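S.K.: Structural data only, the sequence is not supplied:
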């Protein structure tokens, strides 16, 4: 079995080969993804370390899925973008039945991904004894503020991590990422205009509704007046008929 050890603090990752003799001394079914395990179960060189199980795959390449409490392969109906079903392979809202691996370790697991939660006494070569600097800085405005401990009033554009780009026969230039979710005066003006447009739409709709209700009320009033006039005309005609009949007698 292969063990991928990652140390996010230093940004390093390295793969180690774990022999079957070491794995025979461990009951793998007792561990599942998300658990913190003693590094000594994978070898004496990892004694004192605490590893957190993050993921893995079996010998046929089927990925392990957290939350599936099984030590074997299962067939699940997964949504687009989930483990085993790439986003670009399906339509929005589509679900497909895929074979995935449960989160419980077993002897047929080929690769296990772990992260270091606690460092032991002896350094791991290529993992804890070295540091891999980040090549790129954060792009999102909130992440830049968090990295440099900035306030909401500070201009994050001055703190973007830039890198030098060198090409043969050309002058060196500095390259920086486009800041995401940056609130600029242009965006504020656009949002204000959008809010004013929505408010004007509400006001216009309310005015049109009042005009419509006024027309309905005037129409109904005209109908009532016409009905009253007809009833009055019939009443007058009936009275005149009674008077004429009485005079004939």
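M.R.: Right, received. Where do you want to start? Please read all numbers here as calculations on a predicted model, not as lab measurements.
S.K.: contacts and neighbour counts: CA atoms only from here.
M.R.: OK.
S.K.: The helix ranked longest in the chain: how far from the chain's middle?
M.R.: Identified as the longest helix of the chain according to DSSP state H is helix 185-248. Between the centre of helix 185-248 and the centre of its chain there are 50 Å (C-alpha atoms, centre = their mean, to the nearest Å).
S.K.: same check, this time on stretch 15-26
M.R.: 37 Å.
S.K.: How about stretch 2-12?
M.R.: 25 Å.
S.K.: what's it in contact with?
M.R.: Among residues not part of stretch 2-12, those counted as contacts by C-alpha atoms under 8 Å, 6 or more residues apart in numbering are 13-18, 110-116, 126-128, 130-134.
S.K.: Looking at these, which are in strands?
M.R.: Under the assignment DSSP state E, these contribute 13-17, 110-116 to strands.
S.K.: For the longest helix of the chain, the averaged confidence score.
M.R.: Averaged over helix 185-248, pLDDT sits at 94.
S.K.: Also stretch 154-166?
M.R.: 90.
S.K.: mind checking how far the residue most central in space within the chain is from residue 110?
M.R.: In the chain, the C-alpha nearest the mean C-alpha coordinate belongs to residue 81, at 11.0 Å (C-alpha atoms, centre = their mean). Between residue 81 and residue 110 the distance is 24 Å, computed by C-alpha to C-alpha, to the nearest Å.
S.K.: swap in residue 144?
M.R.: From residue 144 to residue 110 the distance is 38 Å (C-alpha to C-alpha).
S.K.: are any of the contacts of stretch 2-12 buried, and which?
M.R.: Buried members of the contacts of stretch 2-12, counted by 16 or more other C-alpha atoms under 10 Å: 13, 110-116, 127-128.
S.K.: Max pairwise distance over those residues: which two?
M.R.: Using C-alpha to C-alpha, the buried ones among the contacts of stretch 2-12 span at most 23.9 Å, a distance reached by 110 and 128.
S.K.: Could you give the number of residues near residue 187?
M.R.: Burial measure for residue 187: 11 neighbouring residues, criterion other C-alpha atoms under 10 Å.
S.K.: Ignore what I typed, I meant residue 6.
M.R.: Residue 6 has 21 nearby residues by other C-alpha under 10 Å.
S.K.: again with residue 7
M.R.: Other residues close to residue 7 by other C-alpha under 10 Å number 19.
S.K.: List phi and psi for it.
M.R.: The phi/psi pair for residue 7 (degrees, to the nearest 10) reads phi -120, psi 90.
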